[in-house]
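Peer 1: Got a sequence here, can you model it:
(one chain, ligands or ions: 1)
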Amino acid sequence: MFGKKKQQPQIDKEQLELIENAQKRIKQKKRLYAHFVLFLIGCVLIIAANTVLGIGKDFTIAGINWFVYAILIWLFLFLYHLFNVFVTNKFMGKAWEQQQMEKLVAKQQHRIDQLKESFRKEEEIKAKSEVFNELNSSEAVETKKDSELTIIVAAAENDAIGRGNQLIWHLSDDLKRFKSLTSGHHIIMGRKTLESFPKPLPNRTHVVITRQRDYKAPEGVIIVHSLEDAIDAAKSDSQPFIIGGGQIYKQALSANLVDKIELTRVHEDFEADAFFPKIDTTIWKETNNVFNKKDAEHEHEFSFITYERI
Ligand SMILES: NC(=O)c1ccc[n+]([C@@H]2O[C@H](COP(=O)([O-])OP(=O)(O)OC[C@H]3O[C@@H](n4cnc5c(N)ncnc54)[C@H](OP(=O)(O)O)[C@@H]3O)[C@@H](O)[C@H]2O)c1
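Peer 2: You can find the predicted model right below:
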């Protein structure tokens with residue numbers, strides 16, 4: 001009942017096919033060899049029949065004995081057999097040829113698939129490296145953004161900022177905020193704003209923009225001749241401030257160089273000769289707003305508003 005099952009030899013399909021083909025080939029060669037031996041014996045017998053036994057002794061074609069033609073015809077058949085076995089492999093049959101063709105096609109298809117796969121992998125690596133490079137470059141931009149160029153300004157509801165090269169109002173909390181935000185930093189300004197101060201502000205590096213090549217400024221003040229040079233002079237600073245006046249604010253905003261605006265909005269209209277540009281709320285979003293009431297030290301209501309680039 002539980003007798004051992006006879007083990008089947010485990011030969012894979014491809015090996016089996018190779019063995020079968022080799023066996024076929026041996027058979028073909030054996031047949032060819034037999035043909036050759038038969039041909040030799042046949043030749044001897046034909047010659048003997050003619051010369052010894054005298055069969056068809058008088059039968060000649062163009063003066064040549066018939067057995068010569070017989071041997072030549074047989075030789076031709078033998079050579080044809082030889083040609084088919086070694087050159088055309090015809091004896092393997094149509095099915096074998098078809099099989100070989102299918103194998104060749106499958107092999108080529110496999111190779112094409114391999115190439116496609118390696119091409120796809122290469123593309124993947126390339127795409128990844130492109131994303132990596134993009135990330136790297138955006139990181140580089142972000143690194144640049146570590147330096148946050150900030151405008152600081154006090155502007156009325158009608159955007160007035162100054163008159164007769166002076167501020168229009170006195171708001172002590174605004175001055176304190178200005179001092180606390182800008183202390184220790186570079187402050188970039190136009191020549192007129194510098195001249196509106198009685199003297200340079202303590203604990204800040206002044207960068208002053210003028211077109212005058214021979215402009216004489218107090219000691220320690222850096223003189224430059226363009227806004228770009230001013231920003232460059234402050235590049236070591238994590239937060240350089242543009243502190244005015246009207247001309248410099250306008251140029252900085254229109255050149256899209258600024259990252260942040262710290263605005264003190266004074267809630268009244270004033271007559272002025274210097275103005276702050278309109279804040280474009282499609283570019284700037286308000287991120288902080290602190291309202292301040294009038295009091296003994298502040299004769300106007302005002303708000304501290306922070307804008308950041310969208
Ligand atoms: N409310 C506030 O927060 C605030 C802040 C700052 C100032 N302010 C007020 O603003 C007023 C001053 O503003 P403003 O517009 O008249 O003057 P400004 O912007 O302070 O300075 C203008 C000067 O900067 C130089 N300049 C401008 N663009 C230049 C460029 N592209 N290349 C080289 N140099 C350039 C020129 O100097 P040169 O003429 O020497 O060539 C020009 O005359 C004052 O009333 C001040 O009190 C108000």
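Peer 1: tell me the contacts of residue 39?
Peer 2: For residue 39, the contact set (CB atoms under 8 Å, 6 or more residues apart in numbering) comprises 74-75, 78. Where you see a C-beta, it was placed from the backbone N, CA and C, and this is true even at glycine.
Peer 1: Residue numbers of this structure in contact with the ligand?
Peer 2: 153-154, 161-162, 165-167, 189-193, 196, 209-212, 225-227, 243-248, 251, 274 (CB under 6 Å from any ligand atom).
Peer 1: taking the residues you listed one by one, which sit in strands?
Peer 2: 153-154, 161-162, 189-190, 209, 243-244, 274 (DSSP state E).
Peer 1: Identify the farthest-apart pair in those.
Peer 2: The most widely separated members of these, counting by CB to CB, are 154 and 209 (20.0 Å).
Peer 1: What separation do you get for residue 216 and the ligand?
Peer 2: In this view, residue 216 and the ligand are 11 Å apart by CB to the nearest ligand atom, to the nearest Å.
Peer 1: Could you say which helix or strand holds that residue?
Peer 2: Assigned by DSSP states H and E, residue 216 falls within no helix or strand.
Peer 1: next one: residue 187
Peer 2: strand 186-190.
Peer 1: ok so, going back, give the buried subset of the residues of the chain next to the ligand as a ChimeraX selection command.
Peer 2: Buried residues within these, by 16 or more other CB atoms under 10 Å, are selected in ChimeraX with:
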select :153,154,161,162,167,189,190,191,192,193,196,209,210,227,243,244,245,246,248,251,274
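Peer 1: Can you pull the phi and psi angles for residue 149?
Peer 2: phi -70, psi 120 (degrees, to the nearest 10).
Peer 1: check contacts around residue 271.
Peer 2: So residue 271 contacts 160, 163 (CB under 8 Å, 6+ apart).
Peer 1: got a pLDDT number for it?
Peer 2: Residue 271 is assigned a pLDDT of 97 by the prediction.
Peer 1: Assign it to helix, strand or coil.
Peer 2: coil (DSSP: H, G, I helix; E, B strand; the rest coil).
Peer 1: doesn't residue 278 fall inside a strand?
Peer 2: No - counting by three-state DSSP, residue 278 is located in no strand; its state is coil.
Peer 1: Can you report phi and psi for it?
Peer 2: According to degrees, to the nearest 10, residue 278 has phi -60, psi 140.
Peer 1: Not counting its neighbours along the chain, what's nearest it?
Peer 2: Nearest residue to residue 278, sequence neighbours excluded (CB to CB, 6 or more residues apart in numbering): residue 159, at 6.7 Å.
Peer 1: who's in contact with that neighbour?
Peer 2: 275-278.
Peer 1: the helices in the stretch 201-310 of the chain, which residues?
Peer 2: With DSSP state H, counting those that start in this stretch, the ranges of helices along the stretch 201-310 of the chain come out as 227-233, 246-254.
Peer 1: Out of these, which gets nearest to residue 115?
Peer 2: Per CB to CB, nearest to residue 115 of these: helix 227-233, 52.2 Å.
Peer 1: so is the residue nearest to residue 239 when sequence neighbours are not counted in a helix, a strand, or just coil?
Peer 2: Distances taken as CB to CB, 6+ apart place residue 148 nearest to residue 239, at 4.9 Å, with adjacent residues excluded. Put simply, residue 148 is coil when judged by three-state DSSP.
Peer 1: Same question for the one 3 residues further on.
Peer 2: Residue 151 carries the three-state label strand when classified by three-state DSSP.
Peer 1: contacting residues around the residue nearest to residue 239?
Peer 2: 238-239, 259-260.
Peer 1: Quick check: it vs residue 56, distance?
Peer 2: 119 Å (CB to CB, to the nearest Å).
Peer 1: now swap in residue 225 and tell me
Peer 2: Residue 225 is 125 Å from residue 56, by CB to CB.
Peer 1: Same question for residue 279.
Peer 2: Counting by CB to CB, the gap from residue 279 to residue 56 is 125 Å.
Peer 1: With neighbour numbers in mind, choose between the two.
Peer 2: residue 279 (17 against 14; other CB atoms under 10 Å).
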